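J.: Okay, sequence plus prediction incoming.
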Amino acid sequence: MLKQSDLYSLAGLFMAAGLLLGLPLLGAWLFVNEPLWIYFDFPPEPGRIEHAPFSWPVFLVLVLLIAVCLAPFAVRGLRVFLQGRKLNAKAKPLETFPAWGYAGILIGAVAWIFAWGRFSWFGVWQPYTFPFLWLGYIIAVNALCQRRTGKCRMLAQPCFFALLFLASAVFWWFFEYLNRFVLNWYYVDVDMFGPAGYILYASICFSTVLPAVWSTADLLASYPFFRNAYDDFIPIRPQHPGLAAVAVLTAAAAGLFLLPIYPNWVFPLLWVSPLLIIVCFQVLAGRPHLFSPVARGKWNRLVCFAAAALICGFFWEMWNFYSLARWEYSIPFVHAFEVFEMPLPGYAGYLPFGLECAAVGDMVKGQLTNGRWEFFSFKV
């Protein structure tokens, strides 16, 4: 029988999910003169939304906003790097690189060759290489963690790590759903899969997202630089956290509602609204959340996850570039200066995405640790 705390957690989970899933659909139903079924096509058809052309003023304002947000972290990181701070304790010697790590490198290298090559005899299988690229990456990064720290999450927490794959597929399908309302990216050369095949294969590909980001964050956290630079950084303590949470929750919810109505203007909220809604519910419930350590000036975990998603984003875009079945972008106002297929400012979207990966992984860990739904309880 569910306890009262479990019921509250389930209620919070369903309320957040209802806002995240229902608000864009409600906005489309009320203000967009199109049938709702178009948001559930598999795969979605590009070209349905007319995106605004490139605009220098919007581009420069967005780049300036990104620079202002990142400047304190960049200045602090550069200062610590130049000072060359070291841990008080003597660094542990590196372990031997495990043999299974070489297997991961081999899997990734072979998958890369077949993903980018155009071998006629392999053509029917070529679209299926993407998961193997990331399987090799995940194994290799965990091997590097094993070498640096003597342990890795893949071996130390196998149940949690396996659940990350399952949660990851659902997690990224949610972003695919939100993208139906703005069509900032779309897939090409995927017609050969068919609707059912597309859903199955896409789910397999999506399942690698969380394990890749978490493994990369673990590797970054093994370097003293991140702890030295960001473990005692800028503390942020809102005087009225409840009121702030209500205001932010209202703005994030409004952004999701407006997503299908003004896709050219509110599309960046696709990447930040889910995180804001989850955290605001946790604040209103008086529970710890992803940003709780920031009140003590501890930013290192957030920086590691944001940087991990950016690193993974680079590999996502690079490996996608010459793949047979791939995605392309159509970003309003800022579609220029592409690095691979992604416009340069678009890489900033990976930073909040990394924090969402951390939040979802924390929920998975809380469920596994407590044996019950603890939507609001994170270990911080």
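T.: Thanks, I have it.
J.: Which residue comes closest to Gly136 once chain neighbours are left out?
T.: By the measure of Cβ to Cβ, 6 or more residues apart in numbering, the closest residue to Gly136 outside its immediate chain neighbours is Gly108, 2.5 Å from it. (Glycine included, C-beta is placed from N, CA and C.)
J.: Ok, Lys365 next?
T.: Using Cβ to Cβ, 6+ apart, the nearest residue to Lys365 is Phe160, at 5.7 Å.
J.: burial measure for that neighbour, as a count.
T.: Look at Phe160: counted by other Cβ atoms under 10 Å, it has 18 neighbours.
J.: Return the distance of stretch 237-248 from the chain's centre.
T.: For stretch 237-248, the gap between its own C-alpha mean and the chain's C-alpha mean amounts to 25 Å (Cα atoms, centre = their mean, to the nearest Å).
J.: okay, now Pro44: neighbour count?
T.: 17.
J.: For it, which residues are in contact?
T.: Taking Cβ atoms under 8 Å, 6 or more residues apart in numbering as the contact definition, Pro44 lies against 179-180, 183, 186-187.
J.: let's see 7 Å
T.: 180, 183, 186 (Cβ atoms under 7 Å, 6 or more residues apart in numbering).
J.: any chance of those residues in TSV, plus neighbour count?
T.: Formatted as TSV, the entries for the contacts of Pro44 read as follows, by neighbours: other Cβ atoms under 10 Å:
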residue	neighbour count
Arg180	19
Leu183	19
Tyr186	17
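J.: so where is this structure shaky, pLDDT-wise?
T.: Within the chain, the set of residues satisfying pLDDT under 70 comprises 1-12, 85-92, 367, 369-380.
J.: switch to 80 and redo it
T.: When the per-residue scores of the chain are filtered using pLDDT under 80, the ranges that remain are 1-14, 41-47, 84-93, 366-380.
J.: which residues in it form strands?
T.: Shown for the chain, the strands assigned by DSSP state E span residues 185-188, 326-329, 338-339, 342-343.
J.: Out of these, which one sits most buried?
T.: When you average the neighbours per residue for each of the strands of the chain (mean count of other Cβ atoms under 10 Å), strand 342-343 leads with a mean of 22.
J.: what number of residues lie near the residue nearest to Val32 when sequence neighbours are not counted?
T.: Here the nearest residue to Val32 in space, its sequence neighbours aside, is Pro260; by Cβ to Cβ, 6+ apart that works out to 5.2 Å. Pro260 has 26 neighbours, counted by other Cβ under 10 Å.
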